[in-house]
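Asks: generate a structure from the sequence data that follows.
(one chain, ligands or ions: 1)
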Amino acid sequence: MYRVDTNVKGHLEIAGKSTTDLVEAYGTPLMVYDETMIRDKARAFRNAFIESGLSFQVAYASKAFLCKEMVRLADQENLSLDVVSGGELYTALEAGFPAERIHFHGNNKSEDELSMALDAEIGCFVVDNFLELELLHDLAKQREQRVNILLRVTPGVEAHTHDYIMTGQDDSKFGFGITNGQAAQAIQIALRKPFYTVLGIHSHIGSQIFELDGFEKAILVLADFLQDMRAQYGVILPVFNIGGGFGVRYTEEDQPLPIATYVKAIAESVKSLFTEHQYPLPEVWIEPGRSIVAEAGTTLYKVGSKKIIPDIRTYVAIDGGMTDNIRPALYQAKYHAILANRPNEECTELVSIAGKCCESGDMLIWDLKLPPTNFGDILAVFSTGAYGYSMANNYNRIPRPAVVFVKNGESRVVIERETYADLVRRDR
Ligand code: LLP
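Replies: Numbers count the residues shown, from 1 in each chain. The predicted model follows:
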């Protein structure tokens, strides 16, 4: 069951703040983050690694949710930062994130993006393909600047998750395949390039993963691969990055493992396999995104029109939808929601929550039990903190919502609501 905190008025509270007060102050749709929960998740990853005794870096995958305040929070929590575009990099730098803890991903980084990252002297580039392997080195050579790289490899492991968020299989747009020999070739090329320091390999098998075996299988393949590379090229690579992908709870059906369980399994696999191969224990890096921010986020909407089709379905429309949360439309993702202003009332109506876009697929939740809904009720959709705002868009010229952080009953805006004027600002 979702934990539902209510105040004396019987309204849903988030981090000690009434959701109805939040709506009054900031309007809807509103993205609300429980700041302490984000920090707790970050600490859970770090503490589990400290317990493992391994050297490590926990890099927050900023694609899950990014703004300057989130960058500052990641810095305060001693996280590193995984960025995948010039825009994410710019946000990190603007917020003063230490460049040496930034890792740059992406399957098609442009020359401009690479140059920007070189100018900033970021900690590490995760080189994805043969073009980048040459291009980045050419740029580094022109500047006479040494750069740290990881090589992104695909271990040929299929994670149990949605096809669109699966990335470790052979047929993937990301990385150098191990099975077809391209990863070995990339290592050979990289090792010969004087301005590269090859720190190690990176692999990310997918997202929203609930089982440990995908990670364990990947680590097995990667450890064998590293052993082969040592045999072939006499190289020992000190960094081992196993990516992100740790599952979270969206609905009661989801039963994610505790963060510490994922980390422990990864640490144990690394320790046992590397020891078996008599390979020096590497520094282990991971890149959680969703598992740090998803459950800390709740979206508040106002209930508007209601369409009752006798014997078929009742549609309850809210003032947002696929513009602030495209996940149901894109991945058939499921969410749970309650009425924030009447959370304890009996749920006697079966309804489906519709967004406001001109699109039949703009449905947030199918078949949800709620108390009888009225115009003006506030719907709270849980676990919207990851890939919600970051994938928000302006379809139908709908402005993006405001985002607030709440902590100990105090709220503050971290991203202002987009205005209509913002929408036409770049129009000529
Ligand atoms: N590292 C790499 C290289 C990645 O590609 C990703 C996610 C992560 C880390 C973070 O994964 P996480 O811990 O958040 O699962 N938009 C989709 C998810 C796409 C994930 C892309 N890569 C969704 O809404 O489910």
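Asks: part of a helix, is residue 72?
Replies: Yes. With the criterion set as DSSP: H, G, I helix; E, B strand; the rest coil, the secondary structure at residue 72 is a helix.
Asks: got a list of what the residue nearest to it when sequence neighbours are not counted touches?
Replies: Counting by Cβ to Cβ, 6 or more residues apart in numbering, residue 95 is the residue found nearest to residue 72 once chain neighbours are left out, at 5.5 Å. Where C-beta positions appear, they are placed from N, C-alpha and C, glycine not excepted. Taking Cβ atoms under 8 Å, 6 or more residues apart in numbering as the definition of contact, the neighbours of residue 95 are 68, 69, 71, 72, 75.
Asks: nearest to the ligand among these?
Replies: Ranked by distance to the ligand (Cβ to the nearest ligand atom), the contacts of residue 95 are led by residue 71 at 16.1 Å.
Asks: so what's the closest residue to the ligand within the stretch 1-150 of the chain closest to, chain neighbours aside?
Replies: Closest approach between the stretch 1-150 of the chain and the ligand, counting by Cβ to the nearest ligand atom: residue 61, at 3.4 Å. Leaving aside its sequence neighbours, residue 61 sits nearest to residue 289 (Cβ to Cβ, 6+ apart; 3.0 Å).
Asks: wait, that neighbour touches residue 247, no?
Replies: No. Under the criterion of Cβ atoms under 8 Å, residue 289 is not in contact with residue 247, lying 11.9 Å apart.
Asks: next, count neighbours for residue 378.
Replies: Other residues within reach of residue 378 by the criterion other Cβ atoms under 10 Å amount to 23.
Asks: how many residues are close by the closest residue in space to it that isn't next to it in sequence?
Replies: Excluding its sequence neighbours, the residue lying closest to residue 378 (Cβ to Cβ, 6+ apart) is residue 340, at 4.1 Å. The burial metric for residue 340, expressed as a neighbour count using other Cβ under 10 Å, is 26.
Asks: what about residue 340, distance to the ligand?
Replies: Computed with Cβ to the nearest ligand atom, to the nearest Å, the distance linking residue 340 and the ligand is 23 Å.
Asks: equivalent analysis for residue 213, please.
Replies: The gap separating residue 213 from the ligand is 17 Å, by Cβ to the nearest ligand atom.
Asks: next one: phi and psi at that residue?
Replies: Summarising the backbone geometry of residue 213 under the convention degrees, to the nearest 10, its torsions are phi -70, psi -30.
Asks: okay, now it: neighbour count?
Replies: Neighbour count for residue 213, taken as other Cβ under 10 Å: 12.
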